[in-house]
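1. fold the following for me, if possible:
(one chain, ligands or ions: 1)
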Amino acid sequence: MTPVTVRVPAKVNLQLSVGPRRDDGYHDLMTVFHSVSLFDEVTVRPADRASVRVTGQDASQVPTGRTNLAARAARALAAAVKRRQSGVQIEIRKRIPIAAGLAGGSADAAATLVACNELWQAGLTQAELSEIAAGLGSDVPFALLGGTAIGQGRGERLTAALAAGTYHWVLAFATGGLSTPDVYAACDRLRDAAPVAPPELSTGLMAALRSGDPAAVGLQLSNDLQPAAVSLRPDLRRALAAGEESGALGAIVSGSGPTCAFLAADARQAGELAVALTGAGVCRGVVRVQGPVPGAAVVAGEPG
Ligand code: ATP
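-> The predicted structure is shown next:
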């Protein structure tokens, strides 16, 4: 069996509306996911024993044991297809920072599902993979799908969104990460038991996405977790302000943070924004990306 390599994108949330805390501890969400061109790569090879090797961005902080989301994905797929021997060597080349609000771990899980489905010639459909993905984490089904999509429930119930055009972003990475459960807990604290309405899809954002006009989309970006992320990391306020002052059409914390995403009018403005944010010294590093891009997909030929 030849190794299989899959490339998988990070995501930002164009809308992240958080409903009341449910009895099971989760929150009902209404979110609009958008995949961007910052990719991890996962290669799987047959092996007698399961193993995970991680290289690249934040590699030393990624668990390499059974808890790694990619390892969990391989076991879940093996169980679903009743494969007795799930031994597989998983190699993850990370470019998506860890605990950054970009769903890097979920991306690796989705990539591993696609890669093992191919390696084992298991023949599961996208819908079947998506069901296994939902059991692994709320953001995993979207990493399979990619593009721009509405997520409901915990974010795992997906509908593709009608979106025109390509959007140019600058992602500003922070030093250190934020734990997603900590950010939700901070959100609950800030709301202080005030009644919270069920989350609703932003019709303004949907219209802006259909128009393909980045200026309209920029005005409609929203994230209910942003006040919580900023309360835990007050330095993010400076980063967001620096992007706005430098002409970003929209400035938002990505998911649970601490990465900030800035929307530019075009590739040229994205370049200028990247320079301005770097010069302002408000982040650990910046990267220019485009969205939407497709979800987890097998890479032809040798991994790059
Ligand atoms: P999300 O936006 O989905 O909440 P995130 O982008 O903030 O997630 P991740 O990078 O997915 O965060 O990491 C969350 C935690 O998952 C990490 O603290 C890490 O311990 C664990 N983890 C398990 N497997 C992986 C993996 N393959 N890559 C990164 N983190 C992993």
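2. low-confidence bits of the stretch 1-150 of the chain, can you list those?
-> 85-86 (pLDDT under 70).
3. ok, residues contacting stretch 116-126?
-> For stretch 116-126, contacts defined as CB atoms under 8 Å, 6 or more residues apart in numbering pick out 1, 3-4, 6, 44-46, 73-74, 77-78, 80-81, 83, 88, 129, 132, 144-145, 298. (Glycine included, C-beta is placed from N, CA and C.)
4. check the offset of it from the chain's centre.
-> Put simply, stretch 116-126 sits 23 Å off its chain's centre (CA atoms, centre = their mean, to the nearest Å).
5. spell out which residues of the chain are next to the ligand.
-> Applying CB under 6 Å from any ligand atom, we find that the chain lies next to the ligand at 62-63, 68-70, 92, 98-106, 108, 139, 180, 255-256.
6. which of the residues you listed fall within helices?
-> 69, 70, 104, 105, 106, 108, 180 (DSSP state H).
7. the fifth one: neighbour count?
-> The number of residues packed near residue 106 is 26, by other CB atoms under 10 Å.
8. which non-adjacent residue is nearest it?
-> Nearest residue to residue 106, sequence neighbours excluded (CB to CB, 6 or more residues apart in numbering): residue 139, at 3.8 Å.
9. put the buried members of the residues of the chain next to the ligand into a ChimeraX selection.
-> Buried residues among those (16 or more other CB atoms under 10 Å), as a ChimeraX selection:
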select :62,68,69,70,92,98,99,100,101,102,103,104,105,106,108,139,180,255,256
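10. can you put the ones in helices among the residues of the chain next to the ligand in CSV and add distance to residue 238?
-> Converted to CSV, these look like this (distance: CB to CB, whole Å):
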residue, distance to residue 238
69, 32
70, 34
104, 24
105, 27
106, 28
108, 31
180, 23
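11. which members of these are the farthest-apart pair?
-> Within those, 70 and 180 form the most distant pair, 17.8 Å apart (CB to CB).
12. pretty sure residue 284 contacts residue 177?
-> No. Here residue 284 does not reach residue 177: they are 11.0 Å apart, not a contact under CB atoms under 8 Å.
13. how is residue 29 assigned, secondary-structure-wise?
-> Following DSSP: H, G, I helix; E, B strand; the rest coil, we place residue 29 in the strand state.
14. beta partners of it?
-> Following DSSP bridges, residue 29 is listed with bridge partners residue 18, residue 153.
15. tally of neighbours for it?
-> As a burial measure, residue 29 scores 22 neighbours (other CB under 10 Å).
16. begin at 52 from here
-> With 52 as the first residue, the last one maps to residue 80.
17. roughly how far is stretch 109-121 from the heart of the chain?
-> Chain-centre distance of stretch 109-121: 17 Å, with CA atoms, centre = their mean.
18. show me what that stretch is in contact with.
-> Contacts of stretch 109-121 (CB under 8 Å, 6+ apart): 93, 101-105, 122-123, 126, 141, 143, 145, 148-150, 156-157, 159-160, 162-163, 187-188, 191.
19. which helices and strands sit right next to whichever strand or helix holds residue 234?
-> Element membership for residue 234 (DSSP states H and E) is helix 231-242. When contacts are defined as 3 or more CB pairs under 8 Å, 6 or more residues apart in numbering; DSSP states H and E, helix 231-242 sits against strand 55-72, helix 277-283.
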